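Novice: Everything below, folded, please.
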Amino acid sequence: MAVSRNATTVLDVTKLREEVQAKYTDVAQHPEKGFHFHTGRKLAVILDYPAHTLHGMPEGVVESFAGVGNPFEFGPLPKGATVVDIGSGCGFDSLIAAGMVGDQGRVIGVDMTDAMLRKARGNARLMGVTNAEFRKGLAEELPVDTASVDVVISNGVINLCPDKDRVYREIWRVLKPGGVVQIADVVTQKPVPEDAQADINLWTG
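Specialist: Next up is the predicted model:
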């Protein structure tokens, strides 16, 4: 499958997803390896996650965290809310969200990488979190009912999706009227050259 971004630029989306999955499988299975981006507890501190959030969190829960910001800087999530975490990875943000929304709330993490899903589910068990679940799926095709969600969060994932319009249409679809979006991500402030748009190595780093 390929997507045409204009008349001359074509990106192989299937290949891109395979490369992203391979990268984040590595992050899930070998977090100690070291990558071109920061990971783990060190990254969470850099991104200003509060010390009380990280205190007592098992290393296994935080070691594969690979976000780019802190979506909770926009404010705490309301008690009882239903939340979707797009690209939930190892479950770090999802588990924080689960604590914020409380027992009456619910968090649905969505990720396309099997290794990250396994790790997130294991992390939820490790922390005794019962109000978070993790589903396999794409940001462009969320496995979530229409108008069923109070809050959508995401951390450094939408930038990896070539069809961002489709992602945001999905966010709009799953949100209830008046729902909230809290996203941390990477943006560019000038047009990306056409040859760079088609270079999968640049997408995955």
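Novice: And for Thr130, the neighbour number?
Specialist: Neighbour count for Thr130, taken as other Cβ atoms under 10 Å: 10. Using the backbone N, CA and C atoms, a C-beta is placed for each residue, glycine as well.
Novice: for Gly102, what are its contacts?
Specialist: Gly102 sits next to Lys79, Gly80, Asn131 when contact means Cβ atoms under 8 Å, 6 or more residues apart in numbering.
Novice: Now the buried members of the residues you listed.
Specialist: With burial judged by 16 or more other Cβ atoms under 10 Å, the buried subset of the contacts of Gly102 is Asn131.
Novice: how far is whatever helix or strand Met100 lives in from where the chain is centred?
Specialist: Using DSSP states H and E, Met100 sits in helix 92-101. On the basis of Cα atoms, centre = their mean, to the nearest Å, the separation between the geometric centre of helix 92-101 and that of its chain is 13 Å.
Novice: and that helix, what other elements does it pack with?
Specialist: helix 59-62, strand 82-86, strand 106-111, helix 114-127, strand 132-136, strand 149-155 (3 or more Cβ pairs under 8 Å, 6 or more residues apart in numbering; DSSP states H and E).
Novice: ranking the ones you listed by mean pLDDT, which is last?
Specialist: Lowest mean pLDDT within the helices and strands packed on helix 92-101: helix 59-62, at a mean of 94.
Novice: nearest to Ala28, of the helices and strands packed on helix 92-101?
Specialist: Evaluated over these, closeness to Ala28 peaks at helix 114-127, with 3.9 Å, by Cβ to Cβ.
Novice: and the closest residue to Ala98 other than its chain neighbours, bridged to which residues?
Specialist: Nearest residue to Ala98, sequence neighbours excluded (Cβ to Cβ, 6 or more residues apart in numbering): Ala132, at 4.2 Å. Counting by DSSP bridges, Ala132 is bridged to Val107.
Novice: So Ala132 sits against Phe92, correct?
Specialist: No - if you go by Cβ atoms under 8 Å, Ala132 and Phe92 don't touch, sitting 11.2 Å apart.
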